[in-house]
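>>> When you get a sec, could you give me coordinates for this:
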Amino acid sequence: MRKTKAIYGEEARESLMRGVEQVFRAVAPTMGAKGRNAIYKKYGMPIVTNDGVSIAREIIPEDPYEYLGAESVKQAAEETNFMAGDGTTSTIVFAHHLIEAGAELVRNGYNPMVLRREMEVGTKKILEALKALSIPVENLEQVAQVSVENDEIAKMVSELVDKVGVDGAIDVFEAPGGNVRAESVDGYTFNSGWTSPYMINTNKGEAVLNNPAIIVTDRSMNLNADFVQCLQSLKSGGYSSVLVIATEVEGELLQTLLANKEKNVIHTVVVKRPESIEELEDIAAVTGAIAVTTGKDIKDITIDQSGIAEKVIVSDKKTVIIGKEDFKDKVAERVEEVRNAIKAEDGEKYGPVKGLELRLSRLAGGIARIKVGASTEAEQSYLKMKIDDAVGACRAALQEGIVPGGGTTLRDLAKVLDDKIAGEAVIADALGQPYLQILANAGLILQDGDGVGNFNVLTGKNVEDMMAEGIVDPTKVTRCVIENGVSTAKTLLTTETAIADIESSPAQAFADSLKVQR
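Have a look, this model is predicted:
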């Protein structure tokens, strides 16, 4: 029988804060160009990294109340990672100091709900100031360099992101070999994501399938009889995962698919199909599937109509299918057909040709891949995390522009806040902490008044213009740091009760089992 214990008031907040502190102490030393690394064991192998969110995931406090605090600040970092692909350590450092200063106010009698409202007003002010400060990015390589700290790799990443654009697909993965290299492969990307978050199997909010079967149809299905027999055949055929592209999958069938995933029977991800039948046929060409559509004399969906892909990545809004070499000729034929159709309808610039050009870009554009190789597995994992961050940062910069980096923008945004208002004052103080942490990690000890400068920690010198030095941050990353840090702080500071499960002694557990049997 499940049993819980609740703690209240100051005791609850202090326990939560101790959990936040554990995460902060693990990730704070990794900040900046001279940040240190952390090491932990994963799948039996040592992982060395300075990726904040990866380190934070490994912090699991033994105390159940500290665990709740640690998980809360980790969620803020995960949200920043999901939204912007970078900035996770800054989120944790900012949130930690915000919670610490806010907790001191509450401890001294300040009403937490008043503090919450003041923090919300302050957040609105700094986000407006951030938007006004942002400028469009002109040099993506600068953005990538801050994340990956390698000129050659930064150039590769920035060129790929610039080529595929904000909505393009870049797959970063560990591969044999001693170097990092890029390539393009056939694939297909369309704007439709998983239909249920229970289909996710990664920490990034994505469902990633390796060598999955592909089912393409315009049907709506809600009964087990519509698809389960096909699913059983796919499982017997050696598939461990399936991508279903359909008009709708719901009801009894959807529940069965989710249950199968939870029981590790077969992992099925369902996405809503593109609008046109032609696009379904395009996907069928990329995957070698037979599109089961209206007008074809196909009664039941079976394994015979299934295709296959090398890899599928499904987020909440996008599906990326990486095709196999086997279907390269089919894709080339399809591309030629669409090009001919565009020529035939060239005069209709605002009619059907617009949709044809979109189809052509999806079919011919391909997918960019970065294969990460290194001398050791530890170095390989380290590089992959850095490149993931660089890709995310470049995308974020294209979306919302850039601001001066190195923690200086967060620090300077504090100027728009009123330090006579408690909620704004705690935000103002916390905004300066990422910058100070970066300096501390570089061994730069500031004297009074020195904190107003702009330090390049690689040279140890104070510079006039961080952007001119190539030290920039994506505006979106900075925005997410602020929003998610404040959100977590408000939640913990207004928490009055913490409830956690308690484990029964072996004797008590046995007694409880007897009660259940009776």
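
>>> Please settle this for me: is Gly178 part of a helix?
No. Counting by DSSP: H, G, I helix; E, B strand; the rest coil, Gly178 falls outside a helix, being coil.

>>> quick one: contacts for it?
373-375 (CB atoms under 8 Å, 6 or more residues apart in numbering). Backbone N, C-alpha and C define where each C-beta goes, glycine included.

>>> Mind doing that once more with 6 Å?
Neighbour list for Gly178: 373, 375 [criterion: CB atoms under 6 Å, 6 or more residues apart in numbering].

>>> Per-residue pLDDT of it, please?
As predicted, Gly178 sits at a pLDDT of 88.

>>> From the rest of the structure, what touches the longest helix belonging to the chain?
If you go by DSSP state H, the chain has its longest helix at helix 377-400. In this structure, residues lying in contact with helix 377-400 by CB under 6 Å, 6+ apart are 45-49, 51, 54, 84-86, 137, 140, 143-144, 147-148, 157-158, 161, 166, 170, 172, 174, 370, 372, 374, 474-477.

>>> Grab the most central residue of the chain for me.
Phe82 (2.5 Å; CA atoms, centre = their mean).

>>> Just give the closest residue to that one, not the sequence neighbours.
Leaving out its chain neighbours, the residue that sits closest to Phe82 by CB to CB, 6 or more residues apart in numbering is Gly205, at 4.9 Å.

>>> I'd like the next helix or strand past the host helix or strand of Gln255.
According to DSSP states H and E, Gln255 maps onto helix 251-262. Sequence order places strand 267-272 as the next helix or strand after helix 251-262, per DSSP H and E.

>>> For the stretch 201-350 of the chain, give me the ranges with low pLDDT.
Residue ranges of the stretch 201-350 of the chain with pLDDT under 70: 345-350.

>>> let me redo that: the chain
Those would be 1, 345-354, 365-366, 445-452, 504-518, if you go by pLDDT under 70 across the chain.

>>> at 50 instead, please
347-351, 516-518 (pLDDT under 50).

>>> Can you mark which positions in the helix holding Gln255 are buried?
For helix 251-262, a neighbour-count test (16 or more other CB atoms under 10 Å) marks 253-254, 256-258, 260-261 as buried.

>>> what's the angle from it to strand 267-272?
Angle of helix 251-262 versus strand 267-272, following axes from the mean of the first three to the mean of the last three CA atoms, to 10 degrees, is 140 degrees.

>>> elements contacting helix 251-262?
On a contact count with 3 or more CB pairs under 6 Å, 6 or more residues apart in numbering; DSSP states H and E, helix 251-262 meets no helix or strand.

>>> Can you pull out the residues in contact with it?
With contacts defined as CB under 6 Å, 6+ apart, helix 251-262 is touched by 198, 221-224, 226-227, 266-268.

>>> just the buried members of those residues?
221, 226-227, 266-268.

>>> hmm, back to that, quick one: the longest helix of the chain to chain centroid distance?
11 Å (CA atoms, centre = their mean, to the nearest Å).

>>> how about it as PDB, C-alpha atoms only?
Output in PDB follows, covering the C-alpha atoms of helix 377-400 (Å, rounded to 0.1, in the frame of the first residue of the first chain):
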ATOM      1  CA  GLU A 377      33.800   6.700 -26.700                       C
ATOM      2  CA  ALA A 378      34.000   9.300 -23.900                       C
ATOM      3  CA  GLU A 379      35.300  12.000 -26.300                       C
ATOM      4  CA  GLN A 380      32.700  10.900 -28.900                       C
ATOM      5  CA  SER A 381      29.800  11.500 -26.400                       C
ATOM      6  CA  TYR A 382      31.400  14.800 -25.400                       C
ATOM      7  CA  LEU A 383      31.600  16.000 -29.000                       C
ATOM      8  CA  LYS A 384      28.100  14.900 -29.800                       C
ATOM      9  CA  MET A 385      26.600  16.900 -27.000                       C
ATOM     10  CA  LYS A 386      28.600  20.000 -28.000                       C
ATOM     11  CA  ILE A 387      27.500  19.700 -31.600                       C
ATOM     12  CA  ASP A 388      23.900  19.200 -30.600                       C
ATOM     13  CA  ASP A 389      24.100  22.400 -28.600                       C
ATOM     14  CA  ALA A 390      25.700  24.200 -31.600                       C
ATOM     15  CA  VAL A 391      22.900  23.100 -33.900                       C
ATOM     16  CA  GLY A 392      20.300  24.200 -31.500                       C
ATOM     17  CA  ALA A 393      22.000  27.600 -30.900                       C
ATOM     18  CA  CYS A 394      22.300  28.300 -34.700                       C
ATOM     19  CA  ARG A 395      18.600  27.500 -35.200                       C
ATOM     20  CA  ALA A 396      17.600  29.700 -32.300                       C
ATOM     21  CA  ALA A 397      19.700  32.500 -33.700                       C
ATOM     22  CA  LEU A 398      18.000  32.300 -37.100                       C
ATOM     23  CA  GLN A 399      14.600  32.400 -35.400                       C
ATOM     24  CA  GLU A 400      14.900  35.300 -33.100                       C
END
